[in-house]
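*Asks:* Build me a structure from this.
(4 chains)
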Number of protein chains: 2
Amino acid sequence: MSDTARRKSPTRIQREKREAILEAALDVFSTHGFRGATLDLIADAAGLSKPNLLYYFPSKEEIHRTLIGQLMEIWLAPLRKIDPGGDPVSEICAYVERKLEISRDLPRESRLFANEVLRGAPHVGDMLQGGLKALVDEKAAVIRAWSEAGHLAPVDPHHLIFSIWAATQHYADFDTQVAMVLGPRDATRYEDARAFLLGLYARGLRPLPAR
Amino acid sequence: MSDTARRKSPTRIQREKREAILEAALDVFSTHGFRGATLDLIADAAGLSKPNLLYYFPSKEEIHRTLIGQLMEIWLAPLRKIDPGGDPVSEICAYVERKLEISRDLPRESRLFANEVLRGAPHVGDMLQGGLKALVDEKAAVIRAWSEAGHLAPVDPHHLIFSIWAATQHYADFDTQVAMVLGPRDATRYEDARAFLLGLYARGLRPLPAR
DNA sequence: GTCAATTTTGACCATTTGGTCATAAATAGC
DNA sequence: GCTATTTATGACCAAATGGTCAAAATTGAC
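*Replies:* Numbers count the residues shown, from 1 in each chain, chains lettered A, B, ... in the order given. The predicted structure follows:
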């Protein structure tokens, strides 16, 4: 009755084709959104016929759900790594760097996620709801403790986290706009962004001198 | 031959219905995206039949284009207001406040815009391209001058602007996610965001003491 | 090679959707 | 009220789209 019990161990072809489909779907969903993505587009990109694609996944929505599921871990991992025992400002700055790296290295994932949240997360619902709030609250408590101990400027931890999410993901999600302003993507873009953001947060979070 | 010449002055009904359609379309486009929005949905929301809707606008794309056009001015206005003669840190902070107010008061407009940029701005192209880069470069030069004169911490002006866009729009565009973490929207949300962001930028941009 | 299981495909279907059109209803000028 | 113009609608259309199905091709175990 359970999924894993019913599904005998997948064949080599199943593993390869499902992987190819998810890769193609990530491309298509992230550039066209859920509604704009068509099964034909995904099938073409994966080098399969549409019925063949539907042999591996029961529906368009299921492909999408699978992708979002894989995404969540990538998305939350950097936050999870914040170490309550580390140096506060360094920990936050390292978090900024990790998020920025994801924005640079996995822009499709970032855009897929943005697409979903923008529309009110209609296809993920609880999948997002689940771990997100708990993890954020946990790390927010760590940050609050740092502030109260005087090791970090007194800031609202939730809004600090939001600002980091926003500032880093911006480079993936709004790449078009960034490119319109800065010109075509070049090697220094992420280096400049990194330098700016680390500077901003380092100065903005440094504990205030006693007064 | 020109549009304004051909179109005799619009009647009262024309003005009212076009307005109602744009209002309805803003709702529908901002929550479903361009592809997800249907003419039936827009027509229903505007209280019109579909053919009647198409009597006022020639196509779905034209409705969308009109909305984006109206949007651009709203979107750019806060940046335009930055005064080269004002106090640098105050000017930037006031800019943050203006952007945050737009995020709070016009979230549909913000999401419509985000939807468009996320997909590579396929429907706006030059409309965005036009004034954006010129205005941003102009204000970036002002900020750079402030930094060089020692009235502002030395920061990359373009990335500073990006971070402000990102952090403020986040509350409109990713409202779903914010609500998942903070719980249902309440009166203090924007007040807390404002306090955090003004603090961050005030501390982060304050000119460094001579060393 | 044989045979069963897996994989692939062309043909097909129902629904949705952007858009048209002829005609009917409403409105405005007189 | 009469007439010309504007506004509204039901019926309809072609294309796109998610998905099905029976049959064919391929693969793997022996």
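
*Asks:* how's chain A carved up into domains?
*Replies:* As given by automatic domain parsing, the domain ranges for chain A are A:8-57, A:68-205.

*Asks:* What mean pLDDT does the first one get?
*Replies:* Along domain A:8-57, the predicted confidence averages to a pLDDT of 94.

*Asks:* Can it be said to contact DNA strand C?
*Replies:* Yes: applying CB under 7 Å from any atom of the strand, one finds domain A:8-57 touching DNA strand C at A:8, A:11, A:13-14, A:17, A:48-52, A:55. Heads up, the C-betas are built off the backbone N, CA and C, glycines and all.

*Asks:* Looking at chain A, which residue is nearest DNA strand C?
*Replies:* Proximity of chain A to DNA strand C (CB to the nearest atom of the strand) peaks at residue A:51, 3.1 Å away.

*Asks:* Tell me the secondary structure at that residue.
*Replies:* Secondary structure assignment for residue A:51 (DSSP: H, G, I helix; E, B strand; the rest coil): helix.

*Asks:* cool, residue A:86 as well?
*Replies:* Quick answer, by three-state DSSP: residue A:86 is coil.

*Asks:* Compute the distance between the closest residue to it other than its chain neighbours and residue A:78, please.
*Replies:* Excluding the flanking residues, the one nearest residue A:86 by CB to CB, 6 or more residues apart in numbering or on different chains is residue A:94, at 7.9 Å. Distance, residue A:94 to residue A:78, by CB to CB, to the nearest Å: 9 Å.

*Asks:* any weak-confidence spans in chain A?
*Replies:* A:1-8, A:125, A:128, A:210-211 (pLDDT under 70).

*Asks:* That one: helices as residue ranges?
*Replies:* Listed in chain order, the helices of chain A (DSSP state H) span A:3-6, A:12-36, A:39-46, A:50-56, A:60-80, A:88-105, A:107-118, A:126-148, A:157-173, A:175-182, A:188-205.

*Asks:* Reformat those helices into TSV and put mean neighbour count and distance to DNA strand D next to each item.
*Replies:* Listed next are the helices of chain A as TSV, based on neighbours: other CB atoms under 10 Å in any protein chain shown; distance: least, CB to the nearest atom of the strand, whole Å:
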stretch	mean neighbour count	distance to DNA strand D
helix A:3-6	7	18
helix A:12-36	18	6
helix A:39-46	18	4
helix A:50-56	15	3
helix A:60-80	16	4
helix A:88-105	19	28
helix A:107-118	22	15
helix A:126-148	16	18
helix A:157-173	24	23
helix A:175-182	18	21
helix A:188-205	19	33
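
*Asks:* Hmm, residue A:189 and residue A:182 touching each other?
*Replies:* Yes: using CB atoms under 8 Å, residue A:182 is in contact with residue A:189, at 6.4 Å.

*Asks:* nearest spatial neighbour of the most centrally placed residue in chain A, skipping sequence neighbours?
*Replies:* Centroid-nearest residue in chain A, with CA atoms, centre = their mean: residue A:75, separated by 3.7 Å. In space, and not counting its chain neighbours, residue A:75 is closest to residue A:113: 6.2 Å by CB to CB, 6+ apart.

*Asks:* Quick check: residues of chain A near DNA strand C?
*Replies:* Checking chain A against DNA strand C by CB under 7 Å from any atom of the strand, the hits are A:8, A:11, A:13-14, A:17, A:48-52, A:55.

*Asks:* what residues are up against residue A:52?
*Replies:* Going by CB atoms under 8 Å, 6 or more residues apart in numbering or on different chains, residue A:52 touches residue A:43.

*Asks:* Tell me the spacing between it and residue B:69.
*Replies:* As judged by CB to CB, residue A:52 and residue B:69 stand 43 Å apart.
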